[in-house]
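> fold the following, please.
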Amino acid sequence: WGKRFGRHRIAPRVSPNKTWEGFAGGLATTTLLALLLGPWLTPMDRPMAALAGAMIGAARFIGDVTISALKRDIGVKDAGSLLPGHGGGMDRIDSLTFTAPLFFHFVYYFYF
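As a prediction, the model looks like this:
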């Protein structure tokens, strides 16, 4: 979303390629996918799946920017060389630092 439609940068000093359009597109896509797949893959009904999707979409962005800020603070561009051209292995999973615990606690709180 951001590469195609992005014009307005969110945090240019931390992560210069992150845009508001990319954030909105990612949030909408995650919410829509959760709405469609959540009731089929989880014990959630549609409203709860949409809420979980929106929370995950927002947390994904926060995790990504947080890891980018940490890398910038320590002077590292890529978190590893396992996946050349992709910023390393950590850059592929940085959003999980926030989304995985959030989803776990969301499901645990509401369903167990």
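> strands along this protein, start to end?
Secondary structure of the chain, counting by DSSP state E: strands at 9-11, 15-19.
> in TSV: these, plus distance to Pro47 and mean neighbour count.
For every residue, glycine as well, the C-beta is placed using N, CA and C. Below are these laid out as TSV (distance: least, C-beta to C-beta, whole Å; neighbours: other C-beta atoms under 10 Å):
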stretch	distance to Pro47	mean neighbour count
strand 9-11	28	16
strand 15-19	29	17
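> spatially central residue in this protein, please.
In the chain, the centroid-proximal residue (C-alpha atoms, centre = their mean) is Arg60; its distance is 1.8 Å.
> ok, now which ones touch it?
26, 30, 95, 98-99 (C-beta atoms under 8 Å, 6 or more residues apart in numbering).
> need these in JSON lines (columns: pLDDT and distance to Thr19).
JSON lines is the format used below for these (pLDDT from 0 to 100; distance: C-beta to C-beta, whole Å):
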{"residue": "Gly26", "pLDDT": "93", "distance to Thr19": "10"}
{"residue": "Thr30", "pLDDT": "97", "distance to Thr19": "16"}
{"residue": "Ser95", "pLDDT": "84", "distance to Thr19": "16"}
{"residue": "Phe98", "pLDDT": "92", "distance to Thr19": "19"}
{"residue": "Thr99", "pLDDT": "95", "distance to Thr19": "20"}
